[in-house]
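> Next one to model:
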Amino acid sequence: QVQLVESGGGLVQPGGSLRLSCAASGSVFSIYVMGWYRQAPGKQRELVAAITSGGDTNYADSVKGRFTISRDNAKNTVYLQMNSLKPEETAVYYCHAAGMVVVGAARPRDYWGQGTQVTVSS
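I've put the predicted structure just below:
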């Protein structure tokens with residue numbers, strides 16, 4: 001069974017940093033795009049950053065210059081380094097894998113992690 005397991009969330013003061021990790025477990029052959037979304041209470045889920053297997057990245061305008069996404073294809077793991085965090089970035093952060101090829105599966109599909117809480121507060 002394939003799962004996306006996130007870690008690294010928590011409480012941080014405004015201006016602080018956190019690093020999120022997400023590892024795909026199970027018989028994963030490859031993943032086309034891995035990314036991070038976030039959802040604050042009462043708001044829609046939004047893309048934060050994404051990275052392809054080739055290293056191409058995409059960021060929400062609000063996080064450009066402060067967040068960095070990276071991945072280790074050999075470990076099927078994606079990271080999100082978040083710097084200069086703001087209170088309004090308090091949300092549940094979700095890992096997403098698009099186009100995941102699983103050994104024995106008929107076709108690629110998308111997966112979501114369970115989410116990790118990030119709270120930015122003094």
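> Show me where the protein has its strands.
Taking DSSP state E to define them, one finds strands in the chain at 3-7, 10-12, 18-25, 28-39, 46-52, 57-59, 67-72, 77-82, 91-102, 109-112, 116-120.
> Can you say which of those is packed in most?
Most buried of the strands of the chain, by mean neighbour count (mean count of other CB atoms under 10 Å): strand 77-82, with a mean of 22. Yep, even glycine has a C-beta here, placed from its N, CA and C like the rest.
> Reformat the strands of the chain as a markdown table; add mean pLDDT.
Below are the strands of the chain laid out as a markdown table (pLDDT from 0 to 100):
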| stretch | mean pLDDT |
| --- | --- |
| strand 3-7 | 94 |
| strand 10-12 | 98 |
| strand 18-25 | 96 |
| strand 28-39 | 94 |
| strand 46-52 | 98 |
| strand 57-59 | 98 |
| strand 67-72 | 98 |
| strand 77-82 | 98 |
| strand 91-102 | 95 |
| strand 109-112 | 94 |
| strand 116-120 | 98 |
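> If residue 120 is in a bridge, with which residues?
Counting by DSSP bridges, residue 120 forms beta bridges with residue 12.
> Touching, it and residue 9? I think so.
No - with contact defined as CB atoms under 8 Å, residue 120 does not reach residue 9; the gap is 11.0 Å.
> And the most centrally placed residue in the chain, how far from residue 80?
In the chain, the centroid-proximal residue (CA atoms, centre = their mean) is residue 36; its distance is 2.8 Å. Shown here: residue 36 relative to residue 80, a distance of 5 Å by CB to CB, to the nearest Å.
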